[in-house]
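S.K.: sharing a model that was predicted from the sequence below.
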Amino acid sequence: MTHPVSRTILLLDIERFSDRDDVEQAYLRRMLYDVTDRALETAGIDETLRTRADRGDSVMELIDANAPVTALLRALLTEVPVQLRALNRMASRSAQMRLRGVVAGGYVAVDDLDGWVGSDLNHACRLLDAALLRAALRERPDDFALCVSDSVYQGVVRHDHPGVPAADFHQVTVGTKNGPLTAWLHGPVPPAGEDHGERGAGEAPGGSGDRPAPAAPAAPETTGTTRDTEDTRNRPAPAAHRGAPAPGPVLDVNGGSVSFGGGYVAGDQHGVSGGRVTGDVVMGSKTDGDRS
């Protein structure tokens, strides 16, 4: 194993990668490489200063300790969101790409199998996989969520360099199987008490802002009597255009009468707040000659 050397660690991971088919995954991997290369080029970090490892749905870069971390962070906060917006604007929903990112620092060695080892690298991977970072991306309308290790915050971010506003980073504690880790999340922190796990399999991919539609309000109770003893509130609405439910409630009166208070309507009527009424309905007192 080689001697551990100091490196800046950059990790970028595609959200919900496993939900896509093989063709979509291959496309997303190409886009991930493009986004990473352009961000590093913007930061002035050329290929001689970095080593890349492929992790399937994510990419890992070990960057020479002499490369400017401020330039890297500035590029991640500005260039990556711009690239993602441009890509997603032209992509189909199944090809949308949203990323979680981590920047950390520490010592990394290369073992006899050409693998990277080191506790600092392990901690960076724990941050990338943290439920809190996943939740942060899910709650955001944009397509990128970034977290930095405590050492990167203390050594770089807190000094408020141009383009890397310290006030936009918030301290968080990330629970891992190796114990809690202190990190700094860029942007809003997900509300406490929320489920910070992955979204359910039934939710559509391509945006961590997707949420299930709110539940429809309960139908108001209707008092009255009908000839049938069945509760008409439990009946399904009739089909509308292409089998969709009718937009309003339906009241079916079979020979009886229902009192609401109001006027008197005889015969079948349509267009009452989008619904339909059949039979005679008494609203107040029945007056055959006055239907005003």
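M.R.: Arrived safely, thanks for sending.

S.K.: tell me, which strand in the protein spans the most residues?
M.R.: Criterion DSSP state E: the longest strand present in the chain is strand 99-110.

S.K.: which strands or helices does that strand pack on?
M.R.: strand 5-14, helix 69-90, strand 116-117, helix 119-129, helix 131-138, strand 144-149, helix 150-155 (3 or more C-beta pairs under 8 Å, 6 or more residues apart in numbering; DSSP states H and E). Where C-beta positions appear, they are placed from N, C-alpha and C, glycine not excepted.

S.K.: any idea which of the ones you listed is most buried?
M.R.: Compared across the helices and strands packed on strand 99-110, strand 144-149 shows the largest average neighbour count, a mean of 25 (mean count of other C-beta atoms under 10 Å).

S.K.: direction included, what does that one pair against?
M.R.: Sheet pairing here is set by DSSP bridges, and for strand 144-149 it gives strand 99-110 (parallel), strand 181-186 (antiparallel).

S.K.: angle of the first one against strand 5-14?
M.R.: With axes from the mean of the first three to the mean of the last three C-alpha atoms, to 10 degrees as the criterion, the two stretches strand 99-110 and strand 5-14 enclose an angle of 150 degrees.

S.K.: now the angle from strand 99-110 to helix 69-90?
M.R.: Using the same axes, to 10 degrees, strand 99-110 lies at 140 degrees relative to helix 69-90.

S.K.: buried ones in strand 99-110?
M.R.: Of the residues in strand 99-110, Leu99, Arg100, Gly101, Val102, Val103, Ala104, Gly105, Gly106, Val108, Val110 count as buried by neighbour count, 16 or more other C-beta atoms under 10 Å.

S.K.: any chance of those in CSV, with distance to Val23 and pLDDT too?
M.R.: Formatted as CSV, the buried residues of strand 99-110 follow (distance: C-beta to C-beta, whole Å; pLDDT from 0 to 100):
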residue, distance to Val23, pLDDT
Leu99, 20, 96
Arg100, 23, 96
Gly101, 25, 97
Val102, 28, 97
Val103, 31, 98
Ala104, 33, 97
Gly105, 37, 95
Gly106, 37, 93
Val108, 34, 91
Val110, 34, 83
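
S.K.: and those residues, which two are the farthest apart?
M.R.: With distances taken as C-beta to C-beta, the most widely separated pair in the buried residues of strand 99-110 is Leu99 and Val110, at 26.3 Å.

S.K.: the spatially closest residue to Glu139 that is not a sequence neighbour: which element?
M.R.: Closest residue to Glu139 apart from its sequence neighbours, by C-beta to C-beta, 6 or more residues apart in numbering: Pro190 at 5.5 Å. With secondary structure defined by DSSP states H and E, Pro190 is part of neither a helix nor a strand.

S.K.: residues in contact with Pro190?
M.R.: Leu132, Ala135, Ala136, Arg138, Glu139, His196 (C-beta atoms under 8 Å, 6 or more residues apart in numbering).

S.K.: change it to 10 Å
M.R.: 131-140, 145, 172, 196 (C-beta atoms under 10 Å, 6 or more residues apart in numbering).

S.K.: Thr48 is nearest to which of the helices and strands packed on strand 99-110?
M.R.: Proximity to Thr48 (C-beta to C-beta) singles out strand 5-14 among those, at 14.1 Å.

S.K.: kindly format the C-alpha coordinates of that closest one as PDB.
M.R.: Provided in PDB are the C-alpha atoms of strand 5-14 (Å, rounded to 0.1, in the frame of the first residue of the first chain):
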ATOM      1  CA  VAL A   5      -1.300  11.600   0.700                       C
ATOM      2  CA  SER A   6      -3.500  14.600   1.300                       C
ATOM      3  CA  ARG A   7      -6.300  15.000  -1.200                       C
ATOM      4  CA  THR A   8      -9.500  17.000  -1.800                       C
ATOM      5  CA  ILE A   9     -12.300  14.500  -2.300                       C
ATOM      6  CA  LEU A  10     -15.100  15.300  -4.600                       C
ATOM      7  CA  LEU A  11     -18.100  13.000  -4.900                       C
ATOM      8  CA  LEU A  12     -21.100  13.400  -7.200                       C
ATOM      9  CA  ASP A  13     -24.100  11.000  -7.200                       C
ATOM     10  CA  ILE A  14     -27.100  10.700  -9.500                       C
END
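
S.K.: strand partners (parallel or antiparallel) of that strand?
M.R.: strand 58-64 (antiparallel), strand 99-110 (antiparallel).

S.K.: in the first one, what counts as buried?
M.R.: Going back to what we said before, that points to strand 58-64. By neighbour count on 16+ other C-beta under 10 Å, the buried set for strand 58-64 is Ser58, Val59, Met60, Glu61, Leu62, Ile63.
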